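S.K.: requesting a structural model of the entry that follows:
(chains A, B, C and D)
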Number of protein chains: 2
Amino acid sequence: MNLRDLRYFVALAETRHFGKAAERSYVSQPTLSAQIKKLETYLGVQLIERQPRKVALTETGVKILPIARRIVQESDEIVSLARNEHDPLSGKLKVGLIPTIGPYLLPLITRKLRKQLPRLKLMLYEHQTQPLLEKLRAGDIDLGILALPVPLDGLEARSLYDENFTLAVPTNSPLAKRAHVKIDDLTGETLLLLEDGHCLRDQALDVCSRIDVKESEDYRATSLETLRQMVAAGLGITLLPELATRGPFGSGHGLTVKEFSRPVPSRTVGAVWRKSTARTDAIKAVCDTVHSSMAA
Amino acid sequence: MNLRDLRYFVALAETRHFGKAAERSYVSQPTLSAQIKKLETYLGVQLIERQPRKVALTETGVKILPIARRIVQESDEIVSLARNEHDPLSGKLKVGLIPTIGPYLLPLITRKLRKQLPRLKLMLYEHQTQPLLEKLRAGDIDLGILALPVPLDGLEARSLYDENFTLAVPTNSPLAKRAHVKIDDLTGETLLLLEDGHCLRDQALDVCSRIDVKESEDYRATSLETLRQMVAAGLGITLLPELATRGPFGSGHGLTVKEFSRPVPSRTVGAVWRKSTARTDAIKAVCDTVHSSMAA
DNA sequence: CTGGTCGATAGGGACTGGCTATTGAGCCTC
DNA sequence: GAGGCTCAATAGCCAGTCCCTATCGACCAG
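M.R.: Below is the predicted model of the structure:
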């Protein structure tokens, strides 16, 4: 059985005329005749009673007609649904961000994203790097935005922007008064870090690996905001990604943010997605928008 | 788009494995692969994300799946519905009978019909010959049982049984005492007839055409039963078809039924149906049953 | 009887859907 | 890291299907 046959049957049932039904179906009359007959043979039942000058449905034909009609209608529905989805820059795109990027990057780009990709519904998720990669591979998320590099297997990546690290110190610390700070100036300080799992923790440790700093044993912050509070309370110093010091997140309330002098430590923020993804267009568009936003 | 493609897609969505889906669909894996790809191309949308070691539905695929599933299910429904209808001796058969046959024939045959054709639902209608033929041609009725001959165009007919006419006279009439009656004996009598449209009226007039009878001007019965009442009331005599004198319809209550001596006037009762009907098997079965019932 | 309508039949060509064999990518094991 | 395994994609070929035009045959109307 074939969708086409059902269409022919519905057309015939509605026109009650082989010629008209054929015309409506854009085929020749013999074609439609043959297909109808084939459908009847396949079903083992006569659907149409061919009276001279009149086409009538048999009882069975009457019973089958509504089902055939529904099938035809639903198949059209599939086509139109697919046609709507056809625009690669529409539909949902599930984007995951790590916690040290998401809250600070999103305010800077959502406006532009909404303007440039108005039909794309971004579903946003926040996960640490490892869970994010897992969900990415599992297909729960289509695009990850995180600090590169990460192990890529089956994944593709591109960098979006470089983000400098800044130094956050208590305002009453001697470091707060310095015109310039270098990594080496941190020697002997107590370094406050995020809890395990945050890549920023590893990045900060990496930046400070050459020098001798004490990591606070007792406190490990669960978020950048608590980390910021801890610095303001004078418990130590920390590195903050630059975006986390912009706008409302800058100096003040007992905390002073200092830029490093060259060479400025930094991390690369990038996008990661499955090689096999079906959303390459949408992903590229989002990446381009983020990239151009951050380049300015 | 093709029903088959949708089946393949549903199988793939359920197995999440090209090979298994192909097996379940009784085709080779390359065939299924190719068809899925063709479906995607046709719809202009990717339905499946081919990850290594994993088959995942795209968002569009997820949306389309339930519709595809329903279509597949409904197409199966058509097949099974047709398979059930496949038995030509099942389903409805619309049978029309003329009023001078229906009420008297049906009690004699329904039992046997029900036994021999248990799955056939007979829908019974009563119409005079002309309307019956019209409804037959219009397809409102599949089979007519009436007195032959009738003009056949586009119709086929067969005779079922011959039915003698009997004479109905008031019990106090001289005719009631006669051992034998012949048509000629009716000369000078008042003949009561059914109203226009009943073929029995014409048949009676035909039988009596050779002799001189008076047709009652004032009364024309609307049914055999009122006709019977009129005879019993002494208003005249009439011809009754034999079946209408059997069992509870025989002599009594002021009415006497006499058989004619040879040559016995009679009419032929037959079946009529559209040449183009789709129910030849059922019609033949019904006719055979009636025929054999009445032959006994 | 003739012309017109309508569906069925005949015959031939293009396309589709199916197959087997093979490739190629990714994963696992030794 | 070489080789084997799994799994989907590709290649190449064949057969059946679907469609076409041309024509027939039945029926109806004038």
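
S.K.: and the strand or helix carrying A:Phe165 with chain B, contact?
M.R.: In the assignment (DSSP states H and E), A:Phe165 maps to strand A:155-170. No - on the criterion Cβ under 8 Å from any Cβ of the partner chain, strand A:155-170 is out of touch with chain B, staying 10.7 Å away. Placement of C-beta: from N, CA and C, glycine included.

S.K.: parallel or antiparallel, list what pairs with that strand.
M.R.: Paired neighbours of strand A:155-170 in the sheet (DSSP bridges): strand A:238-241 (antiparallel), strand A:255-259 (antiparallel), strand A:266-274 (antiparallel).

S.K.: pipe these into CSV and attach mean neighbour count and mean pLDDT per row.
M.R.: Below are these laid out as CSV (neighbours: other Cβ atoms under 10 Å in any protein chain shown; pLDDT from 0 to 100):
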stretch, mean neighbour count, mean pLDDT
strand A:238-241, 25, 92
strand A:255-259, 20, 88
strand A:266-274, 21, 92
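
S.K.: can you tell which of these is closest to A:Gly19?
M.R.: The closest of those to A:Gly19 is strand A:266-274. By Cβ to Cβ, the value is 53.1 Å.

S.K.: just the C-alphas of stretch A:164-171, formatted as CSV.
M.R.: This file holds the C-alpha atoms of stretch A:164-171, laid out as CSV (Å, rounded to 0.1, in the frame of the first residue of the first chain):
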residue,chain,number,x,y,z
ASN,A,164,42.2,37.9,30.7
PHE,A,165,42.4,37.0,34.4
THR,A,166,42.3,39.8,36.9
LEU,A,167,43.4,39.9,40.5
ALA,A,168,40.8,40.4,43.2
VAL,A,169,42.2,41.5,46.5
PRO,A,170,40.7,43.0,49.7
THR,A,171,40.6,46.8,49.4
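
S.K.: buried set for it?
M.R.: Neighbour-count burial for stretch A:164-171, counted by 16 or more other Cβ atoms under 10 Å in any protein chain shown, picks out A:Asn164, A:Phe165, A:Thr166, A:Leu167, A:Ala168, A:Val169, A:Pro170.

S.K.: touching that stretch from outside, list them.
M.R.: A:175-176, A:181, A:186, A:203-204, A:207, A:228, A:231-234, A:237-242, A:245, A:251, A:254-260, A:264-267 (Cβ atoms under 8 Å, 6 or more residues apart in numbering or on different chains).

S.K.: show me what secondary structure element comes after the longest helix seen in chain A.
M.R.: If you go by DSSP state H, chain A has its longest helix at helix A:59-85. The first helix or strand that comes after helix A:59-85 along the chain, using DSSP H and E, is strand A:91-97.

S.K.: that next one near chain B at all?
M.R.: Yes - applying Cβ under 8 Å from any Cβ, one finds strand A:91-97 touching chain B at A:Gly91, A:Lys92.

S.K.: neighbouring strands - and their directions - for that strand?
M.R.: For strand A:91-97, pairing defined by DSSP bridges yields strand A:120-126 (parallel), strand A:143-148 (parallel).

S.K.: can you put those strands in CSV and add mean neighbour count?
M.R.: As requested, the strands paired with strand A:91-97 are exported to CSV (neighbours: other Cβ atoms under 10 Å in any protein chain shown):
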stretch, mean neighbour count
strand A:120-126, 15
strand A:143-148, 22
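
S.K.: nearest to DNA strand C, of those?
M.R.: Minimum separation from DNA strand C across the strands paired with strand A:91-97 (Cβ to the nearest atom of the strand) falls at strand A:143-148, 17.2 Å.

S.K.: about what we covered before: of all the strands paired with strand A:155-170, which one comes closest to B:Arg50?
M.R.: strand A:266-274 (10.3 Å).

S.K.: what about that closest one, near DNA strand D?
M.R.: No - shown here: strand A:266-274 not in contact with DNA strand D (Cβ under 7 Å from any atom of the strand), separated by at least 14.5 Å.

S.K.: helix or strand next in line after that strand, which one?
M.R.: Next element after strand A:266-274 (DSSP H and E): helix A:280-295.

S.K.: tell me the helices and strands packed up against that next one.
M.R.: In terms of contacts (3 or more Cβ pairs under 8 Å, 6 or more residues apart in numbering or on different chains; DSSP states H and E), helix A:280-295 is packed against strand A:91-97, helix A:102-116, strand A:120-126, strand A:143-148, strand A:155-170, strand A:266-274.

S.K.: can you convert those into TSV and add a column each for distance to B:Ala221?
M.R.: Supplementary listing: the helices and strands packed on helix A:280-295 in TSV, determined by distance: least, Cβ to Cβ, whole Å:
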stretch	distance to B:Ala221
strand A:91-97	77
helix A:102-116	87
strand A:120-126	80
strand A:143-148	90
strand A:155-170	95
strand A:266-274	89
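
S.K.: possible to save the ones you listed as a markdown table with distance to DNA strand C?
M.R.: What follows is the helices and strands packed on helix A:280-295, written out as a markdown table (distance: least, Cβ to the nearest atom of the strand, whole Å):
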| stretch | distance to DNA strand C |
| --- | --- |
| strand A:91-97 | 20 |
| helix A:102-116 | 28 |
| strand A:120-126 | 23 |
| strand A:143-148 | 17 |
| strand A:155-170 | 10 |
| strand A:266-274 | 10 |
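
S.K.: gap between the strand holding A:Phe165 and the chain center?
M.R.: In terms of Cα atoms, centre = their mean, to the nearest Å, the centre of strand A:155-170 is found 20 Å from the chain centre.

S.K.: got the contact list for the helix or strand following it?
M.R.: Next in sequence after strand A:155-170, counting helices and strands by DSSP H and E, comes strand A:190-191. Under the criterion Cβ under 8 Å, 6+ apart, residues A:Ala204, A:Cys208, A:Val213, A:Lys214, A:Glu215, A:Ser216, A:Leu235, A:Gly236, A:Ile237, A:Thr238 lie in contact with strand A:190-191.

S.K.: farthest pair within those residues?
M.R.: A:Cys208 and A:Leu235 (16.7 Å).

S.K.: looking at these two, which one has more neighbours?
M.R.: Of the pair A:Cys208 and A:Leu235, A:Cys208 is the one with more neighbours under other Cβ atoms under 10 Å in any protein chain shown, namely 20 against 17.

S.K.: that one reaches A:Ile183, doesn't it?
M.R.: Yes - the pair A:Cys208 and A:Ile183 passes the contact test of Cβ atoms under 8 Å, sitting 6.8 Å apart.

S.K.: now do the buried residues in the longest helix of chain A.
M.R.: Using 16+ other Cβ under 10 Å as the test for burial, helix A:59-85 gives A:59-61, A:63-65, A:68-72, A:74-75, A:78, A:81-82, A:85.

S.K.: show the pLDDT at the residue of chain A most remote from its centre.
M.R.: Going by Cα atoms, centre = their mean, the residue of chain A most distant from its centre is A:Pro52, 62.4 Å out. You'll see A:Pro52 listed with a pLDDT of 74.

S.K.: how about it, nearest residue that isn't a chain neighbour?
M.R.: B:Gly154 (6.0 Å; Cβ to Cβ, 6 or more residues apart in numbering or on different chains).
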